[in-house]
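*Asks:* Quick one, fold the following:
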Amino acid sequence: MTTPEEKQKPDITNNTGKNNPASFSDYLKAIPQYLLPHHALSKVMYKLTRSRNKAFKNWLIKYVVRNYQVDMSTAVEEDPTAYTYFNKFFTRALKPDARPICADPKQIACPVDGTVSQAGKIENGRIFQAKGKDYTLHELLGGSEKWTKTFDKGDFTTIYLSPRDYHRIHSPLDGRLREMIHVPGRLFSVSPATTRVIPRLFARNERVVSIFDTESGPMAVILVGAIFVSSMDTVWAGTITPPGGSKIRHWNYDDKPFSLKKGDELGRFNMGSTVIVLFGKDKIAWANETSPNNSVQMGQVLASIKD
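*Replies:* Below is the predicted model:
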């Protein structure tokens, strides 16, 4: 029987391209994650990825390069063994010309390398995750009434970063920082299989929300942590987590001006994860390439500002 709430729930499946239902294999991969000690595992991985043991770090780096086909030719340091520990390799800098930034002031730059998971409208305060699953904008933003009202009926895109991708995040537009919110939570995997299975995944995982004033109005860039990925940095505040704590934390920057130009580094994942970008109602139009399952690169056109 359908409840009144379910009848009122918007159909937002038109935001997607290919959105297959979860398979039995997906459930086998995702369900055991409920039992894992997410943060304990993350602490162990944090230490391992900073080990300076030459044999261990070289083995781990070469394993990732080989198995995920990492393109080292775009890195400033092309030799994988030259990095002093694994996380230095994982957050490697790219050559200046490796990712050209779209030049038109009306064009919004993609903030990361990755694969578009979803892109579309925020409808009735809900964001599409995968077929049969969504979550609320309010919980994604850590319960902020102000920012929920700002972005309701706006646009969102979710971009997944795999282990092979470049793991620095860059500003999509010129922007002045208004607020940062750290929302503690779980650390489920954010792989496509888990996304199809775990309800409200991106509103359950730990995340760092950064709000900017831009030419297109307020813009949110949200770094979502994942299993083995509870360490997230921003260029203005350094490492936000760990330590994380259990309470939502807010930083207001109205009296501490901080601005970024389009393409400037915004932060980084110390391992891989997901970025969600939000804009207000009728502010932007997504580029054709910003469609589910499409690979994207930092700097390419993500969307355009509406006149």
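
*Asks:* hey, which helix is longest across the chain?
*Replies:* Looking across the chain with DSSP state H, the single longest helix is helix 54-68.

*Asks:* Any chance you could list what contacts the next helix or strand after that one?
*Replies:* Next helix or strand after helix 54-68 toward the C-terminus (DSSP states H and E): helix 86-90. Residues outside helix 86-90 that contact it (CB atoms under 8 Å, 6 or more residues apart in numbering): 48-51, 57, 60-61, 64, 80, 83, 167, 270-272. Quick note: C-beta positions are derived from backbone N, CA and C, even for glycine.

*Asks:* If we use 6 Å, what do you get?
*Replies:* T49, R50, K57, L60, I61, Y83, H167, N270 (CB atoms under 6 Å, 6 or more residues apart in numbering).

*Asks:* Name every strand pairing with the helix or strand that that helix is followed by and say which way it goes.
*Replies:* Tracing the chain past helix 86-90, the next element assigned as helix or strand by DSSP H and E is strand 107-109. In the sheet containing strand 107-109, its partner strands are strand 301-305 (antiparallel), by DSSP bridges.

*Asks:* From the chain's centroid, how far away is the strand it pairs with?
*Replies:* Mean-position distance between strand 301-305 and its chain equals 17 Å (CA atoms, centre = their mean, to the nearest Å).

*Asks:* can you give me the mean pLDDT across that strand?
*Replies:* For strand 301-305, the mean pLDDT works out to 98.

*Asks:* Ok, stretch 250-259 next?
*Replies:* Here stretch 250-259 scores 93 as its mean pLDDT.

*Asks:* Next, the buried residues of it.
*Replies:* By neighbour count on 16 or more other CB atoms under 10 Å, the buried set for stretch 250-259 is W251, Y253.

*Asks:* Please save the CA atoms from it in CSV.
*Replies:* In CSV, the C-alpha atoms belonging to stretch 250-259 read as follows (Å, rounded to 0.1, in the frame of the first residue of the first chain):
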residue,chain,number,x,y,z
HIS,A,250,30.4,25.5,11.4
TRP,A,251,33.0,28.1,10.3
ASN,A,252,31.7,31.6,9.2
TYR,A,253,33.9,33.6,6.9
ASP,A,254,31.9,36.9,6.6
ASP,A,255,34.6,38.6,8.7
LYS,A,256,37.5,36.7,7.3
PRO,A,257,37.4,37.3,3.6
PHE,A,258,38.8,34.4,1.5
SER,A,259,38.4,34.2,-2.3
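
*Asks:* Mind listing residues that contact that stretch?
*Replies:* Stretch 250-259 is touched from outside by R176, L177, R178, E179, M180, I181, W236, with contacts defined as CB under 6 Å, 6+ apart.
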